[in-house]
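[1] prediction below, plus the sequence it came from.
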Amino acid sequence: MKELILSERQLQDLIETYDMFMDGIEHFLNIDTGEIVRINSFDMDDEDEALSETIEEGYNEVYF
C-alpha cells in the first residue's frame, strides 16, 4: 500500500472530478504524482490513446 500525499488544491480537484460525470469522459488518479488525468473515450486523439495504454498498464498500481 502506498501513502498518497496531496496538496489542498489536488484534493479539491479530486473532489470536483468525483462530482463531475459526463458520458465518454473518464478520470484517473496517478497516485505517484497526485495528478488527475482525463480521457475522452468517444473522441480519442493520439495523446489520449498513448495515455490510455499507459493507464491500462498501470491500472490498480499507479492509476486508479
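    Right, received. Where do you want to start?
[2] going forward, measure contacts and count neighbours with C-alpha atoms only.
    Fine.
[3] what bridges to the most centrally placed residue in the chain?
    Centroid check for the chain by Cα atoms, centre = their mean gives Phe28 as the closest residue, at 1.9 Å. Beta bridges link Phe28 to Val37 when assigned by DSSP bridges.
[4] show me where this protein has helices.
    If DSSP state H is used as the criterion, the helices of the chain fall at 8-19, 46-58.
[5] between the ones you listed, which one is nearest to Phe64?
    Comparing the helices of the chain by their distance to Phe64 (Cα to Cα), the top pick is helix 46-58, with 8.5 Å.
[6] neighbouring contacts of the lowest-mean-pLDDT helix or strand in the chain?
    None of the helices or strands of the chain scores lower by mean pLDDT, DSSP states H and E than helix 8-19, at a mean of 80. The set of residues external to helix 8-19 that reach it, using Cα atoms under 8 Å, 6 or more residues apart in numbering, is His27, Gly34, Glu35, Ile36.
[7] tell me which of the residues you listed is nearest to Asp45?
    Closest to Asp45, out of all of the contacts of helix 8-19 and judged by Cα to Cα, is His27, at 15.9 Å.
[8] give the buried residues for the least confident helix or strand of the chain.
    Neighbour-count burial for helix 8-19 flags Leu14, Thr17 (criterion: 16 or more other Cα atoms under 10 Å).
[9] shaky segments in the chain?
    1, 19 (pLDDT under 70).
[10] before we move on, the earlier item: out of the helices of the chain, which comes closest to Lys2?
    Checking those against Lys2 by Cα to Cα gives helix 46-58 as the closest, at 14.0 Å.
[11] tell me what the closest one is packed against?
    In terms of contacts (3 or more Cα pairs under 8 Å, 6 or more residues apart in numbering; DSSP states H and E), helix 46-58 is packed against strand 36-40.
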